[in-house]
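*Asks:* please work out how this folds:
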Amino acid sequence: MRDALSATKRPMVFSICEWGVQDPARWPASAVGHSNDIGPPASWGNLFRIINQLVPITQFTGPGAWNDLDMLEVGNSGLTTVEQQTHFAFWAAAKSPLLISTDLTNPSTATLNILKNTRIISVNQDSLGKSISFKRRYTDDHDVWAGPLADGSTVVVIINWQDSSRSLTFNLADVGFGSANAVDLITGSSLGKLTTTYTSTVAAHGSVVLKLSGASVVAAPVFTFYNAAASTNTLSGGADTRVVSTSVTVVGFVGNGGTLTFNDVDGGASGGTKTVSLDYINADFTMTNTECSNCRNALISVNGGTAIQVQMPISGQVGVDVFFCLPILKGTTDFPYTELGYSAVRLSCIAVRVQGREDEHYSDIQS
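*Replies:* Residues are numbered from 1 along each chain as shown. The predicted model follows:
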């Protein structure tokens, strides 16, 4: 096939449909389908599944090799107009080929407004060719993805996972910045200089797409780490350790009765709600929609209190962090962790930001 394409003496995009089963992101191809179909019919659940599957492979995107998230469903049934806007913006920022599948003989005004947004298209066609990558997930609240552009700026995509319109605050520290000049790429509005946070009203399953320039870089927040396999923890109900490498041991077989409890987690001198991170390995791929498609659900509580649910998207064979907030008592506390159903996730550690939350806006995702 390579020789046949080369013999045409014409520029070609060679697209392969492989569903992501045999790690096609590492193949030297023009465009490789990395997931099962988006439709028909398209659905928000399909988008969630595909987005989760992209998490560990964004680094392989570049000129001549693109992760193909499947065709665009903009203008087709199954997604709301807002969901179609999120779909188009995310596909564009991930540098997926933008293959229109709707009937263009009679498109709606809403369809054309999405497909003809030159600001979003320019992100897709940016000469640097770098995909956005996964930065943060606040379970059942929002995702933050970001990536570099050729002019030195950064594109950020924030997805509202909630089923209703609400006020959503983006913390610039989630992409490593303290301040930046911002343009809303959906509306084209200049937002001026943002400092620390940006709050806007976002529709159900809607998104915020920002181009940040002239950014000031901030130091990463400081966390205290607690290894899952530490001898001070309590494993029960079949939970067990697994050696990944000479430096990493993880805990697996959590769920279906298996539990892991982190004992003596330091809540600091005053306690309060803290930002907590989970570092894990999850390569449990699925081609169909489930309660948490291409991710795993966990229940986490403090000292037997009300548990919150945390989602862990596919990580491949590398660690990925998800973030959430928990009220942790001052001094030391116990931190039980279990998963919903049997799980292939291997938990490496938790990390607690003892000095406090990164920002007050996280209070809306407390249990």
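*Asks:* what packs against the helix or strand containing Val265?
*Replies:* Val265 belongs to strand 259-266 when assigned by DSSP states H and E. Here strand 259-266 touches strand 224-227, strand 234-236, strand 332-339, strand 346-352, going by 3 or more Cβ pairs under 8 Å, 6 or more residues apart in numbering; DSSP states H and E. Placement of C-beta: from N, CA and C, glycine included.
*Asks:* now the next helix or strand after that strand against strand 259-266, angle please.
*Replies:* Going down the chain from strand 259-266, the next helix or strand is strand 272-281, by DSSP H and E. Interaxial angle of strand 272-281 relative to strand 259-266 (axes from the mean of the first three to the mean of the last three Cα atoms, to 10 degrees): 130 degrees.
*Asks:* can you tell me the strand partners of the strand holding Val265 and which way each runs?
*Replies:* strand 234-236 (antiparallel), strand 332-339 (antiparallel) (DSSP bridges).
*Asks:* could you tell me the least trusted of those strands?
*Replies:* Sorting the strands paired with strand 259-266 by mean pLDDT places strand 332-339 lowest, at a mean of 63.
*Asks:* what about stretch 84-94, distance to the chain center?
*Replies:* Relative to the chain's own centre, stretch 84-94 is displaced by 13 Å; criterion: Cα atoms, centre = their mean, to the nearest Å.
*Asks:* restrict that stretch to CA atoms and write it as PDB.
*Replies:* C-alpha atoms of stretch 84-94 as PDB (Å, rounded to 0.1, in the frame of the first residue of the first chain):
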ATOM      1  CA  GLN A  84     -22.000  19.000  18.400                       C
ATOM      2  CA  GLN A  85     -20.000  22.200  19.200                       C
ATOM      3  CA  THR A  86     -18.000  20.300  21.900                       C
ATOM      4  CA  HIS A  87     -17.500  17.400  19.600                       C
ATOM      5  CA  PHE A  88     -16.100  19.600  16.700                       C
ATOM      6  CA  ALA A  89     -13.900  21.700  19.000                       C
ATOM      7  CA  PHE A  90     -12.400  18.600  20.700                       C
ATOM      8  CA  TRP A  91     -11.800  16.800  17.500                       C
ATOM      9  CA  ALA A  92     -10.100  19.800  16.000                       C
ATOM     10  CA  ALA A  93      -7.800  20.500  19.000                       C
ATOM     11  CA  ALA A  94      -6.900  16.800  19.100                       C
END
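*Asks:* which outside residues touch it?
*Replies:* 47, 51, 54, 58, 61, 67, 69, 72-75, 79, 98, 110-111, 114-115, 117, 120-121, 123-124, 131-132, 145, 147, 155, 157, 159, 185-186, 205-207, 209 (Cβ atoms under 8 Å, 6 or more residues apart in numbering).
*Asks:* and if we set it to 6 Å?
*Replies:* 47, 69, 74, 114, 120, 123-124, 131-132, 155, 157, 207, 209 (Cβ atoms under 6 Å, 6 or more residues apart in numbering).
*Asks:* kindly report the same for stretch 110-126.
*Replies:* With Cβ under 6 Å, 6+ apart, stretch 110-126 has contacts from 74-75, 81, 84-85, 88-89, 92-93, 98, 149-150, 155, 185.
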